[in-house]
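Engineer: What follows is a predicted protein model with its sequence.
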Amino acid sequence: MRRGEPVVELHGITKRFPGVVANKDIELTVHRGTVHAIVGENGAGKSTLMKILYGVQQPDEGSIAVEGRVRQLKSPADAIEAGIGMVFQHFQLADNFTVLENVVLGAEGLHGIGDGARRKIKEISDAYGLDIEPDALVEHLGVGAQQRVEILKVLYRGARIIILDEPTAVLVPQEVDELFDNLRELKAEGLTVIFISHKLDEVLRVADAITVVRRGTTVAEVSPQDVSARDLAELMVGSELPSPSTEESTVTDVPLLTVEATSLENPLGGRPLLTDINLTIHSGEIVGIAGVEGNGQDELVEVIMGMREPTAGRILLGDVDTSTWQTREIREAGIGYIPADRHRHGLLLEAPLWENVILGHQTEPIYVTGPGGSLVNGSAARQETEAVVEQYDVRTPSINVTAGSLSGGNQQKLIIGREMRREPKVLVAAHPTRGVDVGAQAAIWDHIKQARRAGLGVLLISADLEELVGLSDTIHVILRGRLTGQFDPDSVTKEELGSAMTGATTEGAA
Ligand SMILES: Nc1ncnc2c1ncn2[C@@H]1O[C@H](COP(=O)(O)OP(=O)(O)OP(=O)(O)O)[C@@H](O)[C@H]1O
């Protein structure tokens, strides 16, 4: 096939769920050898469209042509057969297996593991600059490399069209650059990449064409040379956006949460997970933590939230030592928590929204009723859920649907609303706006800033440097379990932060 020919043609795609039209009359043409971005608000219908193209879901109406041939994609196997592969945001790799085993098990099964497969992996890795060793253990690979293994897996199965679902959400800036280099190599070889992203500046950097989806339908196709990030955001929401305003500092000298000389040994031996962490969050202050994933951020959150007990040092809430408290006690004492993994720690996906909103708080007086307080007060729970949905703009047909049926960004908005409406004293927030569209992101930032004015203290862990710099009053860098530098967000550059995060420099500027 020639470069530039249409390889994916979607006409009139419509997909309905109970109470929602997720896709309506979608028109999309993707050309060979291009990177084609799909952007839109949370719940606009992007994931649904990609699932339809990957055969995970079937459209109610419309047609799909791949490389000029009309196809019925009834399953991912059909899509793979048509030359389409998909890399999901949550990697689907078995940690304690090698790259070779991971790649081959999904494709040919056990009998495929051998020198032939090893050679083929090397060839693919070399051809597209993926830099993957077939015999490396997946658990030894960083996030960026694991993502390249996922891409390699898809290529190994012969994909010519690769769908990536928010591929940069989990990457730090250097890894994003590497990924984009890989994407350029893929398209130079005549492959086609379709990707979903909320990071509009990245979309403008790497895409050849951008399709905007609004309320389930394709509203525009633009070329990155012709638009700004702001134009794109306005196309997504269908109206003009307000301009951001500058802020006065609200930091006080009242300590709310203190992490004092805290260390955490690794129960499996080796380097400690945390070493001598000292950190204070004052009322009205947002303390940001920058770091490459896996450098102790999760463990820091876990010792603060009572999921692990520090092996040295202590955690103080005000002047009360909470180091040995359980998570529930800590939450009840006024710490809100936005976990990094919303599926594992934040939500019960099979339960309705209203149950999720009172999750962890169902024993509190306002939610109990009946003899001996044995029943849940459904109407109080529903009222609170309606309020979360309304204030945090959770797009849902009703509060009775399951959390699992919400789009990813709307799940995140639900968690943030649940935590913020409880008016915590301290908020421990890991990647609070991951997967959230730019409009909703700005709204969440406003909610957090407003609470900060009223005295909230925040520990903000984020891979999004824009968010860290824009929200934080001070930024610490975490590297191999230690705080290695402190920076003033008003003066630090992304490059300085990036080098501190990778250990290229460890000197703080402030
Ligand atoms: N399995 C499902 N059952 C019911 N409703 C669903 C299901 N999957 C998606 N929806 C609904 O379809 C709409 C579109 O969701 P989709 O996940 O495609 O949005 P999205 O644009 O990918 O959003 P995000 O940016 O938040 O990931 C939403 O209203 C969502 O609640």
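Structural biologist: Yes, it's here.
Engineer: and the residue lying closest to residue 361 once chain neighbours are set aside, how far is that from the ligand?
Structural biologist: Leaving aside its sequence neighbours, residue 361 sits nearest to residue 367 (CB to CB, 6 or more residues apart in numbering; 6.4 Å). Just so you know, the C-beta spots here come from the backbone N, C-alpha and C atoms, and that holds for glycine as well. Going from residue 367 to the ligand by CB to the nearest ligand atom, to the nearest Å gives 25 Å.
Engineer: okay, now residue 367: neighbour count?
Structural biologist: By other CB atoms under 10 Å, 18 other residues sit near residue 367.
Engineer: distance of it from residue 114?
Structural biologist: Distance, residue 367 to residue 114, by CB to CB, to the nearest Å: 58 Å.
Engineer: wait, the residue nearest to residue 361 sits on residue 376?
Structural biologist: Yes - Residue 367 is in contact with residue 376 according to CB atoms under 8 Å; the separation is 5.9 Å.
Engineer: Can you pull the residues that touch both of these two?
Structural biologist: residue 358 (CB atoms under 8 Å, 6 or more residues apart in numbering).
Engineer: residue ranges with poor pLDDT in the protein?
Structural biologist: 1-3, 107, 109-112, 241-246, 373-374, 505-510 (pLDDT under 70).
Engineer: Can you tell me the closest non-neighbouring residue to the most centrally placed residue in it?
Structural biologist: Nearest to the mean C-alpha position of the chain, by CA atoms, centre = their mean, lies residue 434 at 3.8 Å. If the residues on either side of it in the chain are set aside, residue 434 comes closest to residue 169, at 5.5 Å by CB to CB, 6+ apart.
Engineer: The one you found contacts residue 89, correct?
Structural biologist: Yes - with contact defined as CB under 8 Å, residue 169 counts as touching residue 89 (6.3 Å).
Engineer: Tell me who's in contact with the residue nearest to residue 434.
Structural biologist: Residue 169 neighbours (CB under 8 Å, 6+ apart): 89, 198, 199, 434, 435, 463.
Engineer: host element of it?
Structural biologist: Assessed by DSSP states H and E, residue 169 sits outside every helix and strand.
Engineer: same deal with residue 181?
Structural biologist: helix 173-188.
Engineer: what do you get for residue 15?
Structural biologist: strand 6-17.
Engineer: could you say what helices and strands that strand packs with?
Structural biologist: strand 20-31, helix 46-53, strand 61-66, strand 192-196 (3 or more CB pairs under 8 Å, 6 or more residues apart in numbering; DSSP states H and E).
Engineer: Columns mean neighbour count and distance to the ligand on top of the ones you listed, output as JSON lines?
Structural biologist: Shown next, in JSON lines, are the helices and strands packed on strand 6-17 (neighbours: other CB atoms under 10 Å; distance: least, CB to the nearest ligand atom, whole Å):
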{"stretch": "strand 20-31", "mean neighbour count": "19", "distance to the ligand": "3"}
{"stretch": "helix 46-53", "mean neighbour count": "24", "distance to the ligand": "3"}
{"stretch": "strand 61-66", "mean neighbour count": "18", "distance to the ligand": "15"}
{"stretch": "strand 192-196", "mean neighbour count": "25", "distance to the ligand": "7"}
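Engineer: beta partners for residue 428?
Structural biologist: residue 337, residue 459 (DSSP bridges).
Engineer: how near is it to residue 308?
Structural biologist: Distance, residue 428 to residue 308, by CB to CB: 14 Å.
Engineer: More neighbours: these two, which one.
Structural biologist: residue 428 (24 against 17).
Engineer: Next, the contact list for that one, please.
Structural biologist: Contacts for residue 428 (CB under 8 Å, 6+ apart) come out as 301, 304, 305, 335, 336, 337, 338, 458, 459.
Engineer: Thanks a lot, catch you later.
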